[in-house]
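Peer 1: Kindly return the folded structure for what I paste below:
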Amino acid sequence: MALAGVLAGCGSRLPALPPACSDGPQHVLRALRAAPGAVRLADGTLLSRCVASAYADGEIQQLGFSFTQAADALARTHTPAAALRLGYLVGAVRRGAARTNGVQGELVRRLESTVRYDDPALQAQARRGARAGEARG
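Peer 2: Next up, the predicted model:
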(Lines give C-alpha, C1' and ligand atoms only; values in the text may rest on other atoms or scores of the structure.)
Protein backbone atom coordinates (compact mmCIF):
# COMPACT_ATOMS: atom_id res chain seq x y z
CA MET A 1 0.00 0.00 0.00
CA ALA A 2 1.32 3.45 -0.85
CA LEU A 3 2.39 5.75 1.95
CA ALA A 4 -0.40 8.20 1.10
CA GLY A 5 -2.92 5.38 1.38
CA VAL A 6 -1.55 4.30 4.74
CA LEU A 7 -1.64 7.85 6.04
CA ALA A 8 -5.14 8.41 4.68
CA GLY A 9 -6.25 5.27 6.47
CA CYS A 10 -4.88 6.70 9.72
CA GLY A 11 -6.82 9.91 9.31
CA SER A 12 -3.72 11.91 8.28
CA ARG A 13 -3.50 13.72 5.00
CA LEU A 14 -0.48 14.99 3.10
CA PRO A 15 -0.84 18.61 2.00
CA ALA A 16 -1.82 18.90 -1.64
CA LEU A 17 0.68 20.48 -4.02
CA PRO A 18 -0.88 23.76 -5.14
CA PRO A 19 -1.39 23.76 -8.93
CA ALA A 20 0.60 26.98 -9.39
CA CYS A 21 3.72 25.13 -8.18
CA SER A 22 3.70 23.13 -11.42
CA ASP A 23 3.22 26.04 -13.84
CA GLY A 24 6.86 26.09 -14.91
CA PRO A 25 10.01 28.16 -14.55
CA GLN A 26 8.64 31.29 -16.25
CA HIS A 27 6.00 31.60 -13.54
CA VAL A 28 8.64 31.23 -10.83
CA LEU A 29 10.78 33.90 -12.50
CA ARG A 30 7.78 36.21 -12.79
CA ALA A 31 6.99 35.81 -9.09
CA LEU A 32 10.60 36.45 -8.11
CA ARG A 33 10.43 39.96 -9.60
CA ALA A 34 8.91 40.99 -6.25
CA ALA A 35 11.99 39.89 -4.26
CA PRO A 36 13.01 40.77 -1.63
CA GLY A 37 9.38 41.64 -0.92
CA ALA A 38 6.43 39.28 -0.85
CA VAL A 39 7.09 36.64 -3.53
CA ARG A 40 4.03 34.60 -4.40
CA LEU A 41 3.02 32.57 -7.40
CA ALA A 42 -0.02 33.65 -9.44
CA ASP A 43 -2.47 31.97 -7.05
CA GLY A 44 -0.80 33.45 -3.94
CA THR A 45 1.25 30.36 -3.04
CA LEU A 46 4.59 30.89 -1.34
CA LEU A 47 7.57 29.15 -2.95
CA SER A 48 8.34 27.43 0.35
CA ARG A 49 4.82 25.97 0.41
CA CYS A 50 5.51 24.33 -2.96
CA VAL A 51 8.61 22.66 -1.53
CA ALA A 52 6.94 21.61 1.71
CA SER A 53 3.95 20.17 -0.19
CA ALA A 54 5.85 18.16 -2.82
CA TYR A 55 5.93 14.54 -1.61
CA ALA A 56 5.18 12.30 -4.59
CA ASP A 57 8.08 11.60 -6.96
CA GLY A 58 6.28 13.29 -9.84
CA GLU A 59 5.60 16.40 -7.76
CA ILE A 60 9.20 16.67 -6.64
CA GLN A 61 10.44 16.17 -10.20
CA GLN A 62 8.09 18.83 -11.59
CA LEU A 63 9.04 21.25 -8.86
CA GLY A 64 12.71 20.48 -9.38
CA PHE A 65 12.36 21.16 -13.10
CA SER A 66 10.66 24.51 -12.56
CA PHE A 67 12.87 25.72 -9.75
CA THR A 68 16.21 24.57 -11.21
CA GLN A 69 15.40 26.01 -14.62
CA ALA A 70 14.55 29.33 -12.95
CA ALA A 71 17.74 29.20 -10.86
CA ASP A 72 19.89 28.39 -13.89
CA ALA A 73 18.40 31.32 -15.83
CA LEU A 74 19.07 33.70 -12.94
CA ALA A 75 22.61 32.37 -12.45
CA ARG A 76 23.44 33.15 -16.10
CA THR A 77 22.41 36.78 -15.60
CA HIS A 78 25.14 38.50 -13.64
CA THR A 79 23.18 41.48 -12.36
CA PRO A 80 22.40 42.54 -8.79
CA ALA A 81 18.66 41.97 -9.38
CA ALA A 82 19.23 38.43 -10.68
CA ALA A 83 21.58 37.60 -7.78
CA LEU A 84 18.99 38.86 -5.28
CA ARG A 85 16.25 36.78 -6.92
CA LEU A 86 18.43 33.68 -7.06
CA GLY A 87 19.30 34.08 -3.40
CA TYR A 88 15.62 34.52 -2.55
CA LEU A 89 14.74 31.32 -4.41
CA VAL A 90 17.45 29.40 -2.54
CA GLY A 91 16.27 30.80 0.79
CA ALA A 92 12.62 29.97 0.08
CA VAL A 93 13.53 26.41 -0.90
CA ARG A 94 15.56 26.03 2.32
CA ARG A 95 12.58 27.29 4.29
CA GLY A 96 10.20 24.83 2.64
CA ALA A 97 12.59 21.89 2.88
CA ALA A 98 13.11 22.48 6.60
CA ARG A 99 9.51 21.35 7.15
CA THR A 100 9.91 18.03 5.32
CA ASN A 101 11.37 14.58 5.91
CA GLY A 102 14.51 15.50 3.97
CA VAL A 103 13.64 14.33 0.46
CA GLN A 104 13.71 17.94 -0.76
CA GLY A 105 17.29 18.31 0.49
CA GLU A 106 18.64 17.43 -2.94
CA LEU A 107 16.70 20.33 -4.44
CA VAL A 108 18.24 22.63 -1.82
CA ARG A 109 21.75 21.41 -2.67
CA ARG A 110 21.12 21.74 -6.40
CA LEU A 111 19.92 25.34 -6.10
CA GLU A 112 22.70 26.31 -3.70
CA SER A 113 25.21 25.09 -6.27
CA THR A 114 23.98 27.71 -8.77
CA VAL A 115 25.08 30.60 -6.56
CA ARG A 116 28.66 31.07 -7.74
CA TYR A 117 29.63 34.70 -8.03
CA ASP A 118 33.15 36.07 -8.04
CA ASP A 119 31.87 39.62 -7.66
CA PRO A 120 31.48 40.52 -3.96
CA ALA A 121 28.55 42.81 -4.76
CA LEU A 122 26.65 39.94 -6.40
CA GLN A 123 27.53 37.64 -3.49
CA ALA A 124 26.11 40.23 -1.10
CA GLN A 125 22.89 40.50 -3.11
CA ALA A 126 22.50 36.70 -3.17
CA ARG A 127 22.97 36.58 0.62
CA ARG A 128 20.44 39.39 1.06
CA GLY A 129 17.96 37.51 -1.11
CA ALA A 130 18.56 34.24 0.75
CA ARG A 131 17.85 35.90 4.10
CA ALA A 132 14.59 37.33 2.73
CA GLY A 133 13.60 33.97 1.21
CA GLU A 134 14.29 32.12 4.45
CA ALA A 135 12.31 34.71 6.42
CA ARG A 136 9.21 34.98 4.26
CA GLY A 137 9.58 32.91 1.09
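Peer 1: what's next to the top helix by length along the chain, contact-wise?
Peer 2: As assigned by DSSP state H, the longest helix anywhere in the chain is helix 57-76. With contacts defined as Cβ atoms under 8 Å, 6 or more residues apart in numbering, helix 57-76 is touched by 17, 21-25, 27-29, 32, 47, 50-51, 53-54, 82-83, 85-86, 89-90, 93, 103-104, 106-107, 110-111, 114-116. (Each C-beta comes from the backbone N, C-alpha and C, glycine too.)
Peer 1: Any quick PyMOL command for the buried ones out of those residues?
Peer 2: Per 16 or more other Cβ atoms under 10 Å, the buried members of the contacts of helix 57-76 correspond to this PyMOL selection:
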select buried, resi 17+21+22+23+25+27+28+29+32+47+50+51+53+54+82+83+85+86+89+90+93+104+107+110+111+114+115
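Peer 1: quick one, strands of this structure?
Peer 2: Listed in chain order, the chain contains no strands at all (DSSP state E).
Peer 1: The spatially most central residue of it: what's it in contact with?
Peer 2: The centroid of the chain falls nearest to V93 when counting by Cα atoms, centre = their mean (3.7 Å). Counting by Cβ under 8 Å, 6+ apart, V93 makes contact with L47, S48, V51, F67, Q104, L107, V108, L111, G133, G137.
Peer 1: Cross-reference those residues with the helices and report the matches.
Peer 2: Counting by DSSP H, these contribute L47, S48, V51, F67, L107, V108, L111, G133 to helices.
Peer 1: what's the nearest residue to R116 if we skip its chain neighbours?
Peer 2: Of all residues not flanking R116 in the chain, A75 sits nearest, at 7.2 Å (Cβ to Cβ, 6 or more residues apart in numbering).
Peer 1: From L89, how far off is that neighbour?
Peer 2: 10 Å (Cβ to Cβ, to the nearest Å).
Peer 1: With A81 instead?
Peer 2: 13 Å.
Peer 1: before we move on, what about T114?
Peer 2: Taken as Cβ to Cβ, the span from T114 to L89 is 9 Å.
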